[in-house]
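*Asks:* quick one, what's the 3D model for this:
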Amino acid sequence: MISIYTQEEQGEEWLRRYRGCLPVFACVLGFTETGLIPGISAAGRTPEDRKYTACADAEFLYYGPEHKPQYPLPPLAAGASPVLISRAVLESLKIPVHLFNAGLPQPPAVPVIDLGGAPARCLSGGAAMEITTVHHLFEQGLLWGERLATNIKQGYLIVSECVVGGTTTALAILTGLGIEAAGKVNSSHPVCNHAQKWALVQTGLEKMMGSRGQGEINFQSSIQNPKSKIVRLSVPLRGSKLARASLRVAEVQNSVDPLKLVAAVGDPMQVVVAGMAIAASRSCGVMLAGGTQMLAVYALISAIAQAYALSWQPEAVVVGTTRWVAEDPTGATVDLALNLGKGSLTQSGGTPPLLATHLSFADSRYPQLRAYEQGFVKEGMGAGAACIAAHLSQDWQQSQLLAAIEAQLERLSTAFD
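*Replies:* Predicted coordinates for the structure are as follows:
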């Protein structure tokens, strides 16, 4: 039921340690205007829908299908929100949930811990957030990571996220940290929109480097998408050197402040989760719940710990996702995970164990769920980690997971008839 794709020995040891334990589940909600760009994300059919995705998912996660929502789950081009998966497990296993608002355009209609953040501007501007906001959010992450871990005696902390457009900000963070990530990230589309993401990231990093007054050079990248023709992009970039499809911030790399990088091209969730994981890892296990976005957070943790000489326990931290992400034919999640340990800024953490649930919807009676097998949606709201937790604590198998998830969808479809 659980596959380990990287760091097998460390991953197996982590799973052994927490077998039979129930986790505490935290979800950090954030927003970036990057998510409003037409076509950037399938987590909401229109840009207007995507403004409310995080609020809708949080409301469903907290209250379930019978609650009349202020923010209904947004219509998707195909598939069903991954929050159905998370809710099915959390409700059945009675896992405690803590919701955090790191920066949303409007307050969600659920009990939420407001961290005093703000939504991020589009990363293409190279000035996504104020540095004071980033510092504040990181401190809040450290504080809450320690608080949550204090109440965990034997178990572990799952930290999940909801940020529409977050795989694009993840690509920006990874690239800015010198990780080869172009063409490797995932998306909620069946075929990842690599060229669109990469163009935005190059523009944002160019603006960031330009604000430092670096010299200008030409930067070219060719991205091969398995299901489309090669797209060649050429954007002038300042102060960088080439290394295949990766931006190596060569002249400034050793002095890159990871928090300033987040301020330039990140989103509010990333730095909160980084702080939470650093603090919690000192006393309990941590599962970063997600794919590309949590690999970027892991890289950020390593870079922040290195830059600021903060203690953390890398061996306590794993990344947990779905097989749709880990085996996405239009991304390269495992390669990306393996690359994390190669960056000079991210060596302190090395490569994390990448775990994934075997959950399949191939035999589901609902077409919205079968759409996952065609590559739609894939992950979100800690769906993969929730399934891993169900297997670890209760030894749930495929049939139990599918039955619980389909029951959520059935209740949702009949709730307000």
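*Asks:* low-confidence regions, the chain specifically.
*Replies:* Across the chain, the ranges flagged by pLDDT under 70 are 212-255, 417.
*Asks:* helix, strand or coil for the residue sitting nearest the centre point of it?
*Replies:* Centrality entry for the chain: nearest residue to the mean C-alpha point is Q293, 2.8 Å, by Cα atoms, centre = their mean. What DSSP: H, G, I helix; E, B strand; the rest coil gives for Q293 is helix.
*Asks:* tell me which residues touch it, please.
*Replies:* With contact set as Cβ atoms under 8 Å, 6 or more residues apart in numbering, Q293 has these partners: E161, V163, G166, T167, T169, A170, M269, Q270. Using the backbone N, CA and C atoms, a C-beta is placed for each residue, glycine as well.
*Asks:* try 10 Å this time
*Replies:* When contacts are counted by Cβ atoms under 10 Å, 6 or more residues apart in numbering, Q293 touches 160-163, 166-171, 173, 185-186, 267, 269-270, 273, 319, 321, 325, 379-380.
*Asks:* for I388, same thing?
*Replies:* Applying Cβ under 10 Å, 6+ apart, one finds that I388 lies in contact with 1-2, 15, 18, 23, 89, 158, 287, 289, 318, 320-322, 355-359, 382, 396.
*Asks:* leaving out sequence neighbours, find the closest residue to V265.
*Replies:* Leaving aside its chain neighbours, V265 sits nearest to A172 (3.8 Å; criterion: Cβ to Cβ, 6 or more residues apart in numbering).
*Asks:* give me the element that neighbour is part of.
*Replies:* Using DSSP states H and E, the element containing A172 is helix 166-176.
*Asks:* I'd like the next helix or strand past that helix.
*Replies:* Where DSSP H and E defines the elements, the next helix or strand beyond helix 166-176 is helix 194-210.
*Asks:* give me the helices and strands touching that next one, please.
*Replies:* helix 166-176, strand 216-223, strand 231-238, strand 246-248, helix 258-265 (3 or more Cβ pairs under 10 Å, 6 or more residues apart in numbering; DSSP states H and E).
*Asks:* try 7 Å
*Replies:* helix 166-176, strand 216-223, strand 231-238, helix 258-265 (3 or more Cβ pairs under 7 Å, 6 or more residues apart in numbering; DSSP states H and E).
*Asks:* quick one: neighbours of the nearest residue to P47 once chain neighbours are set aside, just the number.
*Replies:* Once flanking residues are discounted, P47 sits nearest to L36: 4.3 Å by Cβ to Cβ, 6+ apart. Close neighbours of L36, defined as other Cβ atoms under 10 Å, add up to 18.
*Asks:* buried sites along stretch 82-91?
*Replies:* Neighbour-count burial for stretch 82-91 flags P82, V83, L84, I85, S86, R87, A88, V89, L90, E91 (criterion: 16 or more other Cβ atoms under 10 Å).
*Asks:* quick one: distance of it to the chain centre.
*Replies:* For stretch 82-91, the distance from its own C-alpha centre to the chain's C-alpha centre is 17 Å (Cα atoms, centre = their mean, to the nearest Å).
*Asks:* how about the CA coordinates for stretch 86-93, as CSV?
*Replies:* Extracted in CSV, the C-alpha atoms of stretch 86-93 (Å, rounded to 0.1, in the frame of the first residue of the first chain):
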residue,chain,number,x,y,z
SER,A,86,-8.4,13.6,3.1
ARG,A,87,-11.8,14.1,4.7
ALA,A,88,-12.7,10.4,4.3
VAL,A,89,-9.6,9.3,6.3
LEU,A,90,-9.6,12.1,8.9
GLU,A,91,-13.3,11.6,9.7
SER,A,92,-13.0,7.8,9.9
LEU,A,93,-9.9,7.8,12.0
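*Asks:* quick one on the thing from earlier: please identify which of the buried residues of stretch 82-91 is nearest to N151.
*Replies:* Relative to N151, the closest of those is L90; by Cβ to Cβ it sits at 16.8 Å.
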